[in-house]
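Q: Here is the input, now give the coordinates:
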Amino acid sequence: MRIYLFLALFTTGICDHLPAQQVCASFEYKETTLSQTPALKQSVEQTETFILQQIAKQQVEQQRLHENTLITIPVVVHVLYHQPNENISDEMVYKQLSILNACFRRLNADTANTPAWFKPFAADCRIEFKLAITDPKKRATNGIVRTYTPVEKWTIDDDMKFTLKGGDDAWDAEKYLNIWVCNLNRIIGYASFPGGPAEKDGIVISYSYFGVSGKTAVHETGHWLGLKHIWGDEYCGSDDVDDTPKQGTFTTGCPSGIRTSCSNGSYGDMYMNYMDITSDACTNLFTKGQKARMRALFEEGGERYGLLTSYALQPPLINEMPLPDELPKWYYANMYPNPATNEITLDLTYDIRWTGKTITISNAQGQVMLRTTINSKVVKINVSQLPPGIYFIYAKKEDGDTIKQKLVKR
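A: Reported below is the predicted structural model:
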């Protein structure tokens with residue numbers, strides 16, 4: 001069962017008596033990003049203004065440019081795994097894409113559960129998702145990139161989006177929807193926001209929730225397309241969509257019947273909306289207003305306009321697919337030979353994060369005898385000038401990880 005909790009409410013004490021739960025961190029991510037990079041606020045405000053202008057234009061002209069046009073979004077899934085069970089199967093990726101398409105096209109069988117009074121507002125968003133068949137270098141791809149990572153768990157600091165931090169670099173955000181699947185710590189997913197940094201653009205989902213029930217990705221994709229939580233991320237807040245009732249706060253579990261809040265009328269909360277945090281089994285609609293908001297981003301000048309002309313779904317120029325990464329043969333700094341006479345090799349193939357760090361070799365008395373910088377995955381160190389004896393090799397990264405090995409010099 002998927003249960004989100006809105007992180008910001010913990011800070012206000014509203015959830016003081018609730019047990020710790022997995023969370024959707026998109027709101028916290030956006031607030032943190034904007035506080036750390038104030039210059040982004042103007043870009044986000046411009047994007048919001050653009051969305052509202054496009055919606056107003058559509059209403060005045062009574063012509064929705066994309067209302068009946070099928071939008072197809074190319075997808076690349078970056079699978080980051082530390083343990084073998086985190087390396088999810090191709091079948092699980094296919095299942096997730098199928099669920100995304102069913103929900104955005106309103107083809108799920110559970111749409112029959114939408115209450116009669118909300119059905120007139122329910123929408124086929126006419127947005128679909130397909131795995132890319134051409135990568136940024138115009139080579140053939142299946143749209144799934146698998147990368148071993150030395151990182152055991154990830155947070156919302158976006159490190160999984162960068163190869164040099166143990167993750168995998170984003171593909172061109174104007175051509176692809178990037179989805180990173182990895183082992184998230186305490187959260188099940190978060191999404192970037194329209195107007196944010198291109199190199200961080202996309203969705204991050206915990207491997208244990210990707211494709212299992214699938215609606216975590218639906219929820220986060222909604223955020224990626226500019227939708228807010230249905231309660232507006234504050235008590236009785238606004239999600240900037242006219243046809244979603246004002247709602248007090250998030251909904252957990254799988255309720256039934258009419259639940260009212262914020263004087264929202266006889267029909268009450270739309271807790272079955274994908275942008276609430278109701279359990280997967282009880283979410284079943286986007287509204288026409290949410291559809292208009294999402295699709296406004298695909299108008300000329302919009303944040304997602306470039307996806308309409310992406311080459312990602314066109315036949316590749318190079319049919320040969322790049323070789324997949326080798327499975328790791330070890331998970332640590334592999335040093336050999338030991339004992340050594342003239343030279344040692346330090347193999348850091350599976351942790352590129354060591355690049356640029358300093359290695360020191362100290363004697364038994366703690367004196368630094370040799371210092372060198374790691375400038376490649378495989379480092380060769382000349383130890384021929386060291387007197388025979390016992391030495392200690394040491395290096396440390398910013399995250400606290402260390403290399404500590406004993407070397408016997410003949």
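Q: Now do Q385: how many residues are near it, please.
A: 9 (other Cβ atoms under 10 Å). (Each C-beta comes from the backbone N, C-alpha and C, glycine too.)
Q: I'd like the distance between it and A173.
A: 50 Å (Cβ to Cβ, to the nearest Å).
Q: what's the answer for Y336, then?
A: For Y336, the distance to A173 - Cβ to Cβ - is 41 Å.
Q: if you count what's nearby, which of these two comes out ahead?
A: With neighbours defined as other Cβ under 10 Å, Y336 and A173 compare such that A173 has more, 20 against 9.
Q: the strands in the stretch 201-350 of the chain, which residues?
A: Taking DSSP state E, counting those that start in this stretch as the test, the strands found in the stretch 201-350 of the chain are 203-206, 334-336, 343-347.
Q: For the lengthiest strand in the chain, enumerate the helices and strands it packs against.
A: In the chain, taking DSSP state E as the definition, the longest strand is strand 71-81. Helices and strands touching strand 71-81, by 3 or more Cβ pairs under 8 Å, 6 or more residues apart in numbering; DSSP states H and E, are helix 90-104, strand 127-131, strand 144-148, strand 177-182.
Q: hmm, try it at 6 Å
A: Applying 3 or more Cβ pairs under 6 Å, 6 or more residues apart in numbering; DSSP states H and E, one finds that strand 71-81 contacts strand 127-131, strand 144-148, strand 177-182.
Q: can you state the direction angle for it and strand 127-131?
A: Angle, strand 71-81 to strand 127-131, by axes from the mean of the first three to the mean of the last three Cα atoms, to 10 degrees: 40 degrees.
Q: hmm, who's touching strand 71-81?
A: Contacts to strand 71-81, defined as Cβ atoms under 6 Å, 6 or more residues apart in numbering, come from residues 87-88, 93, 127-132, 143-147, 149, 160, 167-168, 171, 176-182, 298, 307, 310, 312-313.
Q: got it, and stretch 138-146?
A: Outside of stretch 138-146, the residues within contact range by Cβ under 6 Å, 6+ apart are 75-79, 93, 131-132, 135, 168, 316-319, 321, 324.
Q: Weed out the non-buried ones from those residues.
A: Neighbour counting by 16 or more other Cβ atoms under 10 Å classes V75, V76, V77, H78, V79, V93, L131, A132, D135, D168, P316 among the contacts of stretch 138-146 as buried.
Q: Quick one: low-confidence residue ranges for the stretch 251-400 of the chain.
A: Applying pLDDT under 70 to the stretch 251-400 of the chain picks out residues 329-331.
Q: can you pull out the helices in it?
A: Taking DSSP state H, counting those that start in this stretch as the test, the helices found in the stretch 251-400 of the chain are 288-296.
Q: can I get the CA coordinates of the helix of greatest length in the chain in PDB?
A: Longest helix in the chain, counting residues (DSSP state H): helix 40-61. Extracted C-alpha coordinates of helix 40-61, given in PDB (Å, rounded to 0.1, in the frame of the first residue of the first chain):
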ATOM      1  CA  LEU A  40      15.300  30.000  -9.700                       C
ATOM      2  CA  LYS A  41      12.300  31.700  -8.200                       C
ATOM      3  CA  GLN A  42      12.000  34.000 -11.200                       C
ATOM      4  CA  SER A  43      12.100  31.000 -13.600                       C
ATOM      5  CA  VAL A  44       9.400  29.200 -11.600                       C
ATOM      6  CA  GLU A  45       7.200  32.400 -11.400                       C
ATOM      7  CA  GLN A  46       7.500  32.800 -15.200                       C
ATOM      8  CA  THR A  47       6.500  29.200 -15.800                       C
ATOM      9  CA  GLU A  48       3.500  29.700 -13.500                       C
ATOM     10  CA  THR A  49       2.500  32.900 -15.400                       C
ATOM     11  CA  PHE A  50       2.800  31.100 -18.700                       C
ATOM     12  CA  ILE A  51       0.600  28.200 -17.500                       C
ATOM     13  CA  LEU A  52      -2.100  30.600 -16.300                       C
ATOM     14  CA  GLN A  53      -1.900  32.600 -19.500                       C
ATOM     15  CA  GLN A  54      -2.300  29.500 -21.700                       C
ATOM     16  CA  ILE A  55      -5.300  28.300 -19.700                       C
ATOM     17  CA  ALA A  56      -6.900  31.700 -19.900                       C
ATOM     18  CA  LYS A  57      -6.200  31.800 -23.600                       C
ATOM     19  CA  GLN A  58      -7.800  28.400 -24.200                       C
ATOM     20  CA  GLN A  59     -10.900  29.400 -22.200                       C
ATOM     21  CA  VAL A  60     -11.400  32.700 -24.200                       C
ATOM     22  CA  GLU A  61     -10.800  31.100 -27.600                       C
END
